[in-house]
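J.: sequence plus the predicted model coming up.
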Amino acid sequence: MLTHTTTRVLEPSDLGAALAVLESEPVANAFVTSRVQIAGLDPWRLGGEMWGWYADGRLRSLCYSGANLVPICAGPEAVRAFAERARRAGRRCSSIVGPAEPTAELWRLLEPGWGPARDVRANQPLMVTESPSADVEPDPLVRRVRKDEMDILMPACVDMFTEEVGVSPLAGDGGLLYQARVAELIGAGRSFARIDDGKVVFKAEIGATTSQACQIQGVWVAPEFRGRGLSETGMAAVLRYALADVAPVVSLYVNDYNTPARKAYRRIGFRETGAFMSVLF
């Protein structure tokens, strides 16, 4: 039996159906869900379009097309439809990121027209926990960053981003958008650090947040303090805050080659439940 499918840009009136798809996988979709819950589906507020793939009149899959291209709950047929739309529109994103399998297929279809990528990270384990380990004591000096500490935190954020992504967040607009995002997280009480004598020793943020799950990002230890276990005790502290104040499930994803980080996260209670993939332009 043939199945009728179609793909279109979603409108604000499609919000309920879109959230139903997003919330079917609350951990994997936390990043996009958090944005949609705040901004709805209006492209100007959302910072991009939300594409919907329908089968027999029912919304089955999504793809966020903004600064990132993110396939959501997308099987092979939906991925092909999203790839075709993306090819027609041309590349506007700085990365493709999402669950490894659909993201890999999406990149396979787009690479002939969009490649080469600056970097492809094909296996980034998704790690999840609902409770901290009792084996690692949280660092009592890790706390929420105050608004008046923005200038202290910003250099550490820039160093972390440059190390992780391979380009400076200050390029292009001079870092205005990046500074605004850092300030937003501080203002929301989701930026955490250990600051000794006016210098950031450890930092991390709770980025995406929903009532069901949140995601830790931007984990960084100052180079001269690495190898002392500060990432474990610092992350244990951030995890305590996240579970107490934000959501019942905490996640993060990490590069597969970052063996020390994966071991540290396992020691504080995280387990690997899947994998993401990132294509960076």
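T.: Right, received. Where do you want to start? Numbers count the residues shown, from 1 in each chain.
J.: for the helix or strand containing residue 61, which strands pair with it and how are they oriented?
T.: In this structure, residue 61 sits in strand 58-65 according to DSSP states H and E. Strand 58-65 sits in its sheet next to strand 49-55 (antiparallel), strand 68-72 (antiparallel), going by DSSP bridges.
J.: show me what the next helix or strand after the last one is packed up against.
T.: In this case it means strand 68-72. Per DSSP H and E, strand 68-72 leads on to helix 76-89 as the next helix or strand towards the C-terminus. Here helix 76-89 touches strand 5-9, strand 49-55, strand 58-65, strand 68-72, helix 100-114, going by 3 or more C-beta pairs under 8 Å, 6 or more residues apart in numbering; DSSP states H and E. Heads up, the C-betas are built off the backbone N, CA and C, glycines and all.
J.: hey, which of those is tucked in deepest?
T.: strand 68-72 (a mean of 25; mean count of other C-beta atoms under 10 Å).
J.: and the angle from it to helix 76-89?
T.: Here strand 68-72 runs at an angle of 160 degrees relative to helix 76-89 (axes from the mean of the first three to the mean of the last three C-alpha atoms, to 10 degrees).
J.: and the spatially most central residue of the chain, how far is that from residue 160?
T.: By C-alpha atoms, centre = their mean, the chain has its centre lying nearest to residue 31, at 5.3 Å. Look at residue 31 and residue 160: by C-beta to C-beta, to the nearest Å, they are 18 Å apart.
J.: could you list the buried residues of the helix or strand containing residue 161?
T.: Taking DSSP H and E as the criterion, residue 161 maps to helix 150-165. Residues of helix 150-165 classed as buried by neighbour count (16 or more other C-beta atoms under 10 Å): 150, 153-154, 156-161.
J.: output the strand holding residue 61 in CSV with nothing but the alpha carbons.
T.: Output of strand 58-65 as CSV, limited to C-alpha atoms (Å, rounded to 0.1, in the frame of the first residue of the first chain):
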residue,chain,number,x,y,z
ARG,A,58,0.2,13.0,10.2
LEU,A,59,3.3,14.9,11.3
ARG,A,60,6.0,12.3,11.9
SER,A,61,9.4,14.0,11.6
LEU,A,62,10.9,17.5,12.0
CYS,A,63,14.0,19.2,10.8
TYR,A,64,15.2,22.5,12.4
SER,A,65,16.9,24.7,9.8
